[in-house]
Every structure is written in C-alpha cells, then in structure tokens.
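> Structure for this input, please:
(one chain, ligands or ions: 3)
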Amino acid sequence: MIGLVLKKNADKFTVKIGEQKEICLARNLKNEGIFVGDRVEVEEKVIKKVLKRKNLLIRPPLANLDKMIIVIAKVPKPDFLLVDKLLIFCEINDIEPVLCLNKSDLGQEFVDYVQENYQNVCKVVAISTLDDSVKLIKKEIKNITALAGQSAVGKSSIINALLKNEIAKIGDFSKKVERGKQTTRLVELYEIGKDKYLADTAGFSKLDERLLNLEYDEVRKYYKEFIKPSYNCKYKSCLHLLDKDCGVINAVKSGKISKLRYENYKILQENIKNMKRF
Ligand SMILES: Nc1nc2c(ncn2[C@@H]2O[C@H](COP(=O)(O)OP(=O)(O)OP(=O)(O)O)[C@@H](O)[C@H]2O)c(=O)[nH]1
Ligand SMILES: [Mg+2]
Ligand SMILES: [Zn+2]
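Numbering: from 1, shown residues only. Ligands and ions are numbered 1, 2, ... in the order given. Below is the predicted model of the structure:
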C-alpha cells in the first residue's frame, strides 16, 4: 500500500494510508532516508520503499513540496530580501509560490504597498487570522504546501485558524488546536481538507544564499519582470547595475519596475558575488 509520511519522530513515522493514520517503522531502510512528505510503500506497518521524489529540502526537512506560502506582515518588519530569495528558491525547486500578507487588520496601507511591489511578481493574498479572510489561504493549499517566513508573522496562527475551521465543520474536538507557540523544530504535515497538507516550518525564516547555488550573473533571470525591459539594454550581458543604456534601470526610473525589487536584486547579486570569492 502507498502512504504519505505526515510526521517523523525518531524511528517512528506517522503514515497516512487511505483514510487511516498508522505508525510505521522503517526496518530495512535508513530512518534518515525517509522524510515528511515522502510517499512510501508500506507492508504491515513497515516502510518498504520510498517513491521517487519531486524535490527534497534539507532544512526544513521536507519532500515533495508543491507549493510555498510565503508569509509576511506589517509587524515584524518585513524582510523583502528573504521574500525574494524564497521566490527564487521556489522557482529552482519547482514549487509554486504565493505571497501571503497576514495581519491585514493592521491597516490597508501596508497591503497596498505589498500589492504595488509584488502584484506583477507572484500571487498576493491578504488575510488576517483574526477574521474569515484566513479561509482564502485554504484555497491556496495544494497537495503538500509549506508555510514559510520570518518568526512571528503568524504561520502557526494560520494553521490553528484553519484547523479550527475544519473542526467546527466536522463538529469534532481535536488536540491539534492546543499546540501553541512553536516549541519544536520538527516538521509535521497538517491535513487541512482532502489531499491538502500544510507544513508549519521554522527553517525558512532565513535562507542562506549558498542554498540557491547561483552565480551572481544568474540572479537577474530570476527577477522575471526585468526580462522584457532588459531587451532595451545596450549589452546582452548587462547586469543592470550601471545607469548607461540600461533598459531595466530606465524601467525602475519610470516606475515600471518596483524600486524595492530592484534594490533587493542589487543586494542579492552583490552578496552572491562576494560569497563566491571565498
Ligand atoms: N493583529 C494580528 N496579529 C496576528 C495575526 N496573526 C497572528 N498574529 C499574532 O502574531 C504573533 C505571532 O504569531 P505566530 O503564529 O506564533 O507566528 P509564527 O510565524 O508561527 O512564528 P514562529 O513560530 O516563531 O516562526 C502572535 O502574537 C499572534 O497572535 C493577525 O492576523 N493579526
Ligand atoms: Mg510558529
Ligand atoms: Zn541592463
């Protein structure tokens, strides 16, 4: 039988098989070789085989990620460079990104700011875990989806709010909602509706540039909104750093490209360039 690994606790794996959850062991396979998100072949509560993965992230340890919900909020102060790095990370690993603007109850101004800068980059969804708008996130969950973002943006609050909705719907009580502040670094998949799994992760609150495994001159192709304006650059090799004859810089000046995105591009490009010298 084929199942999905929801949780890993030392040598015990919680595997969803059909509608059941079973605690399984690995026995002949190495425990370290099986990850949350893995689809596995199970026989009598023993994992026999790990099926081919779509992708595998080591920190946080998660396999077969289809989608990433990048969460930001007005407070704590957003790290948009982290957002851009996560977007690139998604592109490289074939993960669909969504930018989730949480705590929209704190004011429309910040919502507008994020929309202005990111609406032509990726899908942006504004929500608050304090009201019904949190349901908009449920629609975004596809197969295996992870919440990512800085500490205190409200990732666990989103899971709790969605689980509460689920429980309200089926009129059941569950211990799940009792989990409070993130006390563990272990990854777990929460079932938020049929075939929708959501992981609450702490590991994405930072992203080492090294993980992107990029050369500095490759960064520009991941800023997709630069590509069209770059046809106006005088040189094909233009890195969009010097004013002269640069279509991208002209597009920033005329407001067609977000200044925030452009400044982040410069920082990321520079960071990667310096990193490679070691
Ligand atoms: N105003 C407002 N506050 C919120 C909202 N969602 C969460 N918060 C608050 O934000 C704080 C942090 O929420 P958490 O859910 O613990 O954040 P987290 O992203 O899981 O943080 P880590 O586990 O440290 O990565 C808590 O005090 C929440 O009550 C919201 O929509 N609006
Ligand atoms: Mg948390
Ligand atoms: Zn240029």
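> from here on, contacts and neighbour counts on C-alpha atoms
Will do.
> What confidence value was assigned to Ser157?
Looking at Ser157, its pLDDT is 92.
> my bad, Val40
For Val40, the model assigns a pLDDT of 97.
> try the one 3 residues further on
We have a pLDDT of 96 for Glu43.
> Across the sheet, point out what pairs with it.
Residues in a beta bridge with Glu43, per DSSP bridges, are Val46.
> Which positions in this structure make contact with ligand 3?
Neighbours of ligand 3 within the chain, by Cα under 5 Å from the ion: Cys233, Cys238, His240, Cys246, Val248.
> Helices - which of these land there?
Val248 (DSSP state H).
> tell me the secondary structure for the most centrally placed residue in the chain?
Geometric centre of the chain, nearest residue: Met68, 3.0 Å, by Cα atoms, centre = their mean. Following DSSP: H, G, I helix; E, B strand; the rest coil, the label given to Met68 is strand.
> show me where pLDDT drops low in this structure?
For the chain, the stretches flagged by pLDDT under 70 are 165-185, 203, 276-278.
> domain assignment for the chain?
Domains of the chain are assigned by automatic domain parsing as 2-50, 56-205, 214-275.
> So which of these is nearest ligand 2?
Judged by Cα to the ion, the one of these that comes nearest to ligand 2 is domain 56-205, at 4.1 Å.
> how far does the closest one sit from the chain's center?
7 Å (Cα atoms, centre = their mean, to the nearest Å).
> tell me how far the ends of that domain are from each other?
18 Å (Cα to Cα, to the nearest Å).
> surely Pro61 meets Gly33?
No - using Cα atoms under 8 Å, Pro61 is not in contact with Gly33, being 10.7 Å away.
> rewinding a little: which residues does the residue nearest to the centre of the chain bridge with?
Pro97, Ala146.
> Which helix or strand contains the closest residue in space to Ile257 that isn't next to it in sequence?
For Ile257, ignoring the flanking residues on the chain, the nearest one in space by Cα to Cα, 6 or more residues apart in numbering is Ala251 at 5.5 Å. For Ala251, the enclosing helix or strand under DSSP states H and E is helix 247-253.
> what does that helix contact?
226, 229-234, 240-243, 257-259, 262 (Cα atoms under 8 Å, 6 or more residues apart in numbering).
> Out of the residues of the chain next to ligand 3, which two are the most distant from each other?
The span of these, defined through Cα to Cα, is set by Cys238 and Val248 at 9.3 Å.
> Looking at those two now, which is surrounded by more residues?
Set side by side, Cys238 and Val248 show more neighbours around Val248, with 27 against 17, by other Cα atoms under 10 Å.
> got the contact list for the residue nearest to Leu29 when sequence neighbours are not counted?
In space, and not counting its chain neighbours, Leu29 is closest to Lys48: 7.1 Å by Cα to Cα, 6+ apart. If you count contacts by Cα under 8 Å, 6+ apart, Lys48 has them with Ala26, Asn28, Leu29, Val40, Glu41, Val42.
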